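Trainee: What follows is a predicted structure for the sequence shown.
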Amino acid sequence: MTPDWIFRADRVIILATEAMNIPRRQMILLLLAVAVFSGVAARAQNLGQTGVTLLRAMTTNLDGSGIRVAQPEAGLDTNNPAMTWEVNPAATGRSPNLFTYISSNGSSSNYPNSLGSESGHADSVAGIFYGIPGGVATNVAHMDNYDANYFIQVSEIPAGLTTNYSASLSAASDDSVVNQSFIFTDSDGGSVPTNEQQAIDSAYDDFAAQHNVLFISGAGNGSPARVCPPATCYNGIGVGAYIPPNNYSSSGPTLDNGRAKPDITAPSSVTSFSTPQVAGAAALLMQAGVRGDGSGDTNSASDIRTIKSLLLNGAIKPNDWTNIAPSPFDTRYGAGVLNVFNSYKQLAGGKHGYIVSTTVSAGGAHPPTGAGGTIVALSGWDFNTNTTSGTSEPQSKRKRSPPARRVRGRRKSTQASRPALTARPVSSATSRRHPSHGVSPSSSSWPPGTVHPDL
């Protein structure tokens, strides 16, 4: 189809005029009908609201130095979406030497190149993530820019009258933080089948556990109503958009088993642009952990389980934040609104041991403990191993307010001892990606297995 484009000073609107008929798994399509592109002034305001400005005033050179990051992007051009996924270095104020572009056709360290073409969505996400001025992590070591349909691939496996799915990642294991401003939906723009979501989640969870890579993904902008993969994975962070007094981003719980998602929010009208704020904050904390700001145990301080817990602990709860037991989070805001200064303060409080240990039944809830001992500091973090037997799951943690939330993984009852972050076996599931800020036009037909910008 050929869309109608309306250009305004602060937004681009795509009006779908006829139904799309696109071969399955060949294109990445735009999910968002209305995308608001953040300007430098809005970014500066967000930096203040999320604690970045205060953090810069209180610390030295905390800017993402030494941290490699990645940015898979879904295409925006409905006529040729496989091509429009690249970040233009000039739009970010960064040197072209910072970038590597990667797709199924190969890789290139040059821009422009034959692999793809510039995406305004990609430029906007990059500007918030690591751009100058106005970005969160303005001195990251390197950026791998992927075609999202190459980065995450989902295959159907026919099984009689049903369909199973498998998913695989073509990610670099040395990229510590990956921003994903796209979502998966079904062919009509609705939620993917549960088994497809589980296959996607498993691919991300396994990779995260094996390589210590933190995937930070947009939840979606309210259509579908429930949080979309890949924001549903256990070991990553799902990000909502904080838009007071209303909230228009997709909310929890997850469709597969009712888990609490999104994990956190950041100020933006769309999750494509709230997500890179959290990704940038993660890069800052990871740099701080590596350089020893939180402990001499730099491996634990920069572990993705620690970084995720610190980000969620530092979040500020809006006035209408509420949770419904047994969920620890608000279905709209997760832990609250990003505040990286609060997270850094807890990291800088240092690593401490736990003072209480409890045991719960296998598969049971893990409520906060009632510790009566004395803690040595009011701020800090821990990093301990959960041990699981066939019938019980000992839980050890140091008392603090609020308690740190570890990254969760599915448990195997036959395992004797393992970290809280656990690689999960690939289960069946389906896939489709959209950039994380947008709603598919009602007249369009999204082909199964494609990625769409989460605009």
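Mentor: Noted; the coordinates are in hand. Residues are numbered from 1 along each chain as shown.
Trainee: what about stretch 337-356, start to end distance?
Mentor: Length of stretch 337-356, first residue to last, C-alpha to C-alpha, to the nearest Å: 29 Å.
Trainee: no wait, stretch 101-121
Mentor: 16 Å.
Trainee: what are the bridge partners for the most centrally placed residue in the chain, then?
Mentor: The chain has I216 as the residue nearest its centroid, 1.6 Å off, counting by C-alpha atoms, centre = their mean. Under DSSP bridges, the beta-bridge partners of I216 are N179, I237.
Trainee: just checking, it touches A283?
Mentor: No. Taking C-beta atoms under 8 Å as the definition, I216 is not a contact partner of A283, at 9.8 Å. In short, each C-beta sits where N, CA and C put it, glycine included.
Trainee: which neighbours do the two share?
Mentor: In terms of C-beta atoms under 8 Å, 6 or more residues apart in numbering, I216 and A283 are both contacted by the residues V177.
Trainee: Now do the strands in the stretch 51-200 of the chain.
Mentor: 68-73, 84-86, 99-103, 106-108, 117-118, 142-147, 152-159, 162-169, 177-180, 182-183 (DSSP state E, counting those that start in this stretch).
Trainee: Summarise which helices and strands the second one is packed against.
Mentor: Using 3 or more C-beta pairs under 8 Å, 6 or more residues apart in numbering; DSSP states H and E as the contact test, the elements touching strand 84-86 are strand 117-118, strand 142-147.
Trainee: nearest to Y130, of the ones you listed?
Mentor: strand 142-147 (6.7 Å; C-beta to C-beta).
Trainee: Partner strands of that closest one and their direction?
Mentor: strand 68-73 (parallel), strand 99-103 (parallel).
Trainee: Would you mind listing the outside residues contacting it?
Mentor: 28, 68-73, 75, 82, 85-87, 94, 98-104, 115-116, 122, 126, 130, 170-172, 175.
Trainee: and if we set it to 6 Å?
Mentor: Residues outside strand 142-147 that contact it (C-beta atoms under 6 Å, 6 or more residues apart in numbering): 68-72, 85-87, 98-103, 172, 175.
Trainee: Also stretch 106-118?
Mentor: The contact list for stretch 106-118 (C-beta under 6 Å, 6+ apart) reads M83, T84, W85, E86, N88, P89, P96, T100, Y101, S103, N105.
Trainee: quick one, helices of the chain?
Mentor: 40-49, 52-58, 89-92, 120-130, 148-151, 194-211, 271-290, 298-301, 304-314, 340-348 (DSSP state H).
Trainee: for those helices, which one ends up most surrounded?
Mentor: Of the helices of the chain, the one with the most neighbours on average (mean count of other C-beta atoms under 10 Å) is helix 271-290, at a mean of 30.
Trainee: By neighbours, which of the contacts of strand 142-147 wins?
Mentor: W85 (34 neighbours; other C-beta atoms under 10 Å).
Trainee: What does the pLDDT read for the residue nearest to that one when sequence neighbours are not counted?
Mentor: Leaving aside its sequence neighbours, W85 sits nearest to E73 (C-beta to C-beta, 6 or more residues apart in numbering; 4.0 Å). We have a pLDDT of 96 for E73.
Trainee: burial of T369, as a residue count?
Mentor: 17.
Trainee: Quick check: phi and psi at it.
Mentor: The phi/psi pair for T369 (degrees, to the nearest 10) reads phi -90, psi 160.
Trainee: thought it was touching Y354?
Mentor: No. The pair T369 / Y354 is not scored as a contact, 9.0 Å apart, by C-beta atoms under 6 Å.
Trainee: By pLDDT, rank the contacts of stretch 106-118 and give me the bottom one.
Mentor: M83 (84).
Trainee: and stretch 226-235, average pLDDT?
Mentor: Across stretch 226-235, the per-residue pLDDT values average to 96.
Trainee: er, stretch 323-336 I mean
Mentor: pLDDT averaged over stretch 323-336 gives 92.
Trainee: Show me where the stretch 351-455 of the chain dips below the pLDDT cut-off.
Mentor: 371-374, 385-455 (pLDDT under 70).
Trainee: Was I right to think P262 contacts G240?
Mentor: Yes. Contact criterion C-beta under 6 Å: P262 and G240 qualify, at 4.0 Å.
Trainee: and these two? which has more neighbours close in?
Mentor: Legend: neighbour count by other C-beta under 10 Å for P262 and G240, higher for G240 (36 against 33).
Trainee: and A203, how far is that from N105?
Mentor: 22 Å (C-beta to C-beta, to the nearest Å).
Trainee: Which neighbours do P262 and G240 have in common?
Mentor: If you check P262 and G240 against C-beta under 6 Å, 6+ apart, the residues they both contact are A219.
Trainee: what's the burial count for G66?
Mentor: 15.
Trainee: Would you enumerate the residues in contact with it?
Mentor: By C-beta under 6 Å, 6+ apart, the contact list for G66 reads A141, Q287.
Trainee: For it, give me the pLDDT.
Mentor: Reading off the model, G66 has pLDDT 98.
Trainee: Repeat that for S117.
Mentor: So, for S117, pLDDT stands at 95.
Trainee: Next, count neighbours for T185.
Mentor: 28.
Trainee: Can you name the residues that contact D297?
Mentor: K351.
Trainee: same thing with the one 10 residues further on?
Mentor: Neighbouring residues of I307 by C-beta under 6 Å, 6+ apart: L214, A282, L285, M286.
Trainee: Would you confirm that the second one contacts V178?
Mentor: No. Shown here, A282 and V178 do not form a contact pair, counting by C-beta under 6 Å, at 9.6 Å.
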